[in-house]
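**Student:** From the sequence below, what's the structure:
(one chain, ligands or ions: 1)
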Amino acid sequence: MIRYALVCEKGHSFESWFADSGAYDKQAKRGLVVCPQCGAAKVEKAIMAPRLATSKKRKAQAPAAEAPVAEAPAAPAAPAAEAPAPVAMVSPQEREFRAKLKELRDHLVKNADHVGSKFPEEARKMHYGEIEHRSIYGEASPDEAKALVEEGIEVHPLPMLPEERN
Ligand SMILES: [Zn+2]
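**Tutor:** Have a look, this model is predicted:
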């Protein structure tokens, strides 16, 4: 016995069993193989598709990599490694600007103390005269920076160069 996936001229797909491939050919030629849905005798063998593709919900487009995936129906496909990366065409002016930005940053970094996450604390101490004024740089969350500004403490974001972001 052999099972064929068949499709009629109207596109209905169905399956049928035959003794062998020759039996199918004979019956089909005599118009004995008919579509169970519309009765059309004009049928042909459909491309056999692997069971997985039809019975389960098709995964977006990852046929090759059959990585074990947890059954999480609502989870959207992870962007993974194919996420688009920022790209840019850089004009000469832009290059010059970037060089200046880097200069400024290098100067700041060279002439200021890095205080890391203690920046808000240190900035406050200086502002309120607890310690001597000096140039410092470090990290502050947007909320912390906002709080400092609201207290009248002048802070500036350190210019960030695109290549340093990762
Ligand atoms: Zn049909």
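**Student:** On the pLDDT front, check the closest residue to Asp20 other than its chain neighbours for me.
**Tutor:** What sits nearest to Asp20 in space, not counting adjacent residues and going by C-beta to C-beta, 6 or more residues apart in numbering, is Ile2, at 5.9 Å. Using the backbone N, CA and C atoms, a C-beta is placed for each residue, glycine as well. The score at Ile2 is 87. That number is its pLDDT.
**Student:** Kindly tell me how buried Ile2 is, as a neighbour count.
**Tutor:** 12 (other C-beta atoms under 10 Å).
**Student:** How about the one 4 residues further on?
**Tutor:** Close neighbours of Leu6, defined as other C-beta under 10 Å, add up to 20.
**Student:** Ala28 too?
**Tutor:** There are 20 residues near Ala28, going by other C-beta under 10 Å.
**Student:** Would you mind listing what in the chain touches the ion?
**Tutor:** 8, 10, 12, 35, 37-38, 40 (C-beta under 5 Å from the ion).
**Student:** Now do the contacts for Phe119.
**Tutor:** 136-140, 144 (C-beta atoms under 8 Å, 6 or more residues apart in numbering).
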